[in-house]
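> structure of the sequence below:
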Amino acid sequence: MDLNLTNKVALITGGSRGIGRATALRFAAEGCNIALCARGQAGIDKTLEEIRAHDVEAFGLALDVAEPGETERFVNASADALSGVDILVNNVGDTAGSRELLTSTDADWQQTFDLNLFHAVRASRAAIPHMTKRNGGSIVTISSISGWKPSHSDSARTLKSPMSSYFSHQTARVGSTAHPFPLTARREDPRLFECNKLLYNDKSGISSHTICPISCLIGKFKACVKT
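From the prediction side, this is the model:
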């Protein structure tokens with residue numbers, strides 16, 4: 001498949017494993033130069049090696065996006081290393097502490113917001129000026145199926161999709177046009193759902209997307225699947 005992405009620059013947060021790693025490798029296969037961040041250097045190094053096998057440039061930083069200033073450092077260092085930013089994938093997300101409302105603490109919620117919402121805000125705020133210099137770009141926020149179908153056992157993730165949708169509106173800013181899409185499963189992979197919102201800013205040429213995937217068969221999920 002040729003998506004006309006050759007020599008585009010794609011940044012992925014949490015890009016060393018799972019959805020982030022798969023996204024990075026897919027973009028690399030399409031000819032994108034890739035920048036990724038994660039907390040573990042070993043995972044970054046392994047993924048960068050796989051990316052470079054596609055004969056593209058690759059850059060990685062080990063950091064924690066929940067820490068103020070670190071997400072911006074990743075975006076700006078990536079833009080310097082790869083000469084710009086065309087695509088940003090806000091992939092990092094998790095629930096801190098207790099997943100039950102009554103047993104969760106304020107600290108759990110603050111860390112969850114830092115991981116799920118604020119990292120995406122900081123990354124996009126840092127990336128937009130770089131995209132503007134290139135006359136456009138695309139921001140993709142990986143949300144959760146829990147935001148579409150609330151989970152009784154995962155209060156924080158239930159909020160993730162609405163937060164990302166609101167964030168998409170803010171990214172597109174005044175004058176943008178919203179194009180709602182039905183939430184439907186892709187035929188080639190029924191575990192992945194289409195984005196439920198696409199926003200496009202006619203002035204800047206920057207589009208903002210939210211995708212709501214369900215649990216993917218990676219890591220701990222593999223042990224639960226019968227072959």
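
> neighbours of P213, how many?
14 (other Cβ atoms under 10 Å). For every residue, glycine as well, the C-beta is placed using N, CA and C.

> shouldn't it be within a helix?
No. Using DSSP: H, G, I helix; E, B strand; the rest coil, the secondary structure at P213 is coil, not a helix.

> distance check, it against I142.
Separation of P213 from I142 (Cβ to Cβ, to the nearest Å): 7 Å.

> same check, this time on E72
E72 sits 19 Å away from I142, going by Cβ to Cβ.

> so for these two, which sits in the more crowded spot?
With neighbours defined as other Cβ under 10 Å, E72 and I142 compare such that I142 has more, 26 against 15.

> grab the nearest non-local neighbour of that one.
In this structure, I142 finds its nearest non-sequential neighbour in N91, 4.7 Å apart by Cβ to Cβ, 6 or more residues apart in numbering.

> quick check: phi and psi at C212.
Backbone torsions of C212, given as degrees, to the nearest 10, read phi -120, psi 90.

> same for the helix or strand in which L61 is found, what does it pack against?
Here L61 is covered by strand 58-62, with elements defined by DSSP states H and E. If you count contacts as 3 or more Cβ pairs under 8 Å, 6 or more residues apart in numbering; DSSP states H and E, strand 58-62 packs onto strand 33-38, helix 41-52, helix 70-82.

> what comes up buried for that strand?
Neighbour counts over strand 58-62 (16 or more other Cβ atoms under 10 Å) mark A58, F59, G60, L61 as buried.

> bridged to the second one, which residues?
Beta-bridge partners of F59, counted by DSSP bridges, are A35.

> contact partners for it?
I34, A35, L36, L48, A77, S78, A81, L82 (Cβ atoms under 8 Å, 6 or more residues apart in numbering).

> could you do the last one as well?
For L61, the set of contacting residues under the criterion of Cβ under 8 Å, 6+ apart consists of A35, C37, I44, R73, F74, A77, S78.

> if we use 6 Å, what do you get?
C37, F74 (Cβ atoms under 6 Å, 6 or more residues apart in numbering).

> ok, back up a step: with respect to A127, which of the helices and strands packed on strand 58-62 lies nearest?
helix 70-82 (5.2 Å; Cβ to Cβ).

> dump the C-alpha coordinates for the strand holding L61 into CSV.
Taking Å, rounded to 0.1, in the frame of the first residue of the first chain, the C-alpha atoms of strand 58-62 are listed here in CSV:
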residue,chain,number,x,y,z
ALA,A,58,14.9,6.8,13.1
PHE,A,59,15.3,8.7,16.4
GLY,A,60,14.4,7.8,19.9
LEU,A,61,14.5,9.2,23.5
ALA,A,62,14.0,7.5,26.8
